[in-house]
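Here is a sequence with its predicted model. Questions after.
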Amino acid sequence: MYLCISEEEREKAIQHLIEAIPGEILLQIYEGISREPDWLIMQHFGIGVEIRNLLRTKGFAWDDTTLDREWEPIALEAARKVHEESR
């Protein structure tokens with residue numbers, strides 16, 4: 001069983017990543033995903049660890065299963081928002 005996070009929590013997590021990760025890094029993430037849709041999945045033990053740690057230190061007290069499931073779509077949305085703002 002895993003925790004379902006609310007849309008409000010998801011939005012707060014996305015906003016936290018936008019504030020905590022430099023925009024140029026989020027744009028690089030977006031470009032990586034644009035070239036290779038599985039790019040972010042392949043970063044599970046790299047960028048994924050950093051993002052999960054950023055979320056934990058901000059107080060998102062999700063269990064490991066939920067964090068593993070949610071970090072990728074949250075990071076993707078943060079990168080997409082920064083990309084849209086940069087256009």
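Cool, the structure landed. Only a predicted model underlies this, so the values are computations on that prediction, with no experimental measurement involved. Numbers count the residues shown, from 1 in each chain.

Let me see the contact set for the nearest residue to Arg10 once chain neighbours are set aside.
Nearest residue to Arg10 in three dimensions, chain neighbours excluded: Ile74, at 6.5 Å (CB to CB, 6 or more residues apart in numbering). Where C-beta positions appear, they are placed from N, C-alpha and C, glycine not excepted. Residues in contact with Ile74 (CB atoms under 8 Å, 6 or more residues apart in numbering) are Arg10, Ala13, Ile14, Leu17, Ile51, Leu55.

For the lengthiest helix in the chain, buried residues please.
If each helix of the chain is counted by residues according to DSSP state H, the longest one is helix 64-86. Within helix 64-86, the residues scored as buried using 16 or more other CB atoms under 10 Å are 66-67, 70-72, 74-79, 81-83.

now that helix: how far from the chain's centre is it?
Counting by CA atoms, centre = their mean, to the nearest Å, helix 64-86 is centred 3 Å from the centre of its parent chain.

Against Ser34, how distant is Asp64?
Applying CB to CB, to the nearest Å, the value for Asp64 to Ser34 is 29 Å.

looking at this protein, which helix or strand does the model trust least?
helix 39-42 (a mean of 88; mean pLDDT, DSSP states H and E).

And that one, what does it pack against?
helix 23-35, helix 64-86 (3 or more CB pairs under 8 Å, 6 or more residues apart in numbering; DSSP states H and E).

list the buried ones in whichever helix or strand comes after that helix?
As assigned by DSSP states H and E, the chain's next helix or strand after helix 39-42 is helix 47-57. Neighbour counts over helix 47-57 (16+ other CB under 10 Å) mark Ile47, Gly48, Ile51, Arg52, Leu54, Leu55 as buried.

now, the most widely separated pair of those residues?
Using CB to CB, the buried residues of helix 47-57 reach their maximum pairwise distance at Ile47 and Leu55, which is 12.5 Å.

What about the residue nearest to Ile33 when sequence neighbours are not counted, how many residues nearby?
Using CB to CB, 6+ apart and skipping the chain neighbours, the partner closest in space to Ile33 is Trp39 (5.1 Å). Look at Trp39: counted by other CB atoms under 10 Å, it has 15 neighbours.
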